[in-house]
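# give me a 3D structure for the following:
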Amino acid sequence: AGGKTQRTVTVRSGGETRKLRTYQESQPTAPAALAKLAYQDKKGERREFLMTTPEIAIGRGGRAEYCDLELDGPADISRQHFYLRQDEKTREFFLQDVSRFGTTVNGKEVAPKEWVQIPAKAKIGLAGKMVIEFESL
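As a prediction, this is how the structure comes out:
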């Protein structure tokens with residue numbers, strides 16, 4: 001995506017046209033997605049989020065709590081609920097629960113504050129109130 005654009009600078013003077021310089025510029029390209037997260041918002045509409053950085057924070061967010069993916073959900077979902085990262089070498093994904101009411105991966109409780117490996121496709125439960133479908137790309 002994003003082919004190179006060729007630009008030519010020309011000068012016209014006294015009925016003569018001269019080419020001064022030709023250069024190429026690249027169109028900006030979007031970063032490649034590492035994973036896709038899909039969930040339903042409060043209205044029941046399906047939402048998708050593409051993970052384009054090696055580590056993200058997920059939760060309700062707030063003034064003092066930054067989240068890459070801010071969820072509109074009940075207070076049981078923490079402002080920062082869990083972190084998700086991809087190992088550069090193995091390309092495997094890991095999750096760390098930092099919530100008050102817990103996180104599950106495919107129905108199994110995740111130990112708080114410990115990084116656990118998650119499969120390429122998983123259902124991540126947040127405090128029993130919301131499910132995020134995770135898929136590595």
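
# what's the spacing between Gly73 and Lys89?
Remark: distance between Gly73 and Lys89 (C-beta to C-beta, to the nearest Å) = 34 Å. Backbone N, C-alpha and C define where each C-beta goes, glycine included.

# now do the contacts for the most centrally placed residue in the chain.
With distances taken as C-alpha atoms, centre = their mean, Met51 lies nearest the centre of the chain, 2.1 Å away. By C-beta atoms under 8 Å, 6 or more residues apart in numbering, the contact set of Met51 is Ala33, Leu34, Ala35, Lys36, Leu37, Asp68, Leu84, Gln86.

# of all these, which comes closest to Lys108?
Leu84 (16.3 Å; C-beta to C-beta).

# go ahead and confirm that closest one touches Ile58.
Yes - with contact defined as C-beta atoms under 8 Å, Leu84 reaches Ile58; the gap is 6.4 Å.
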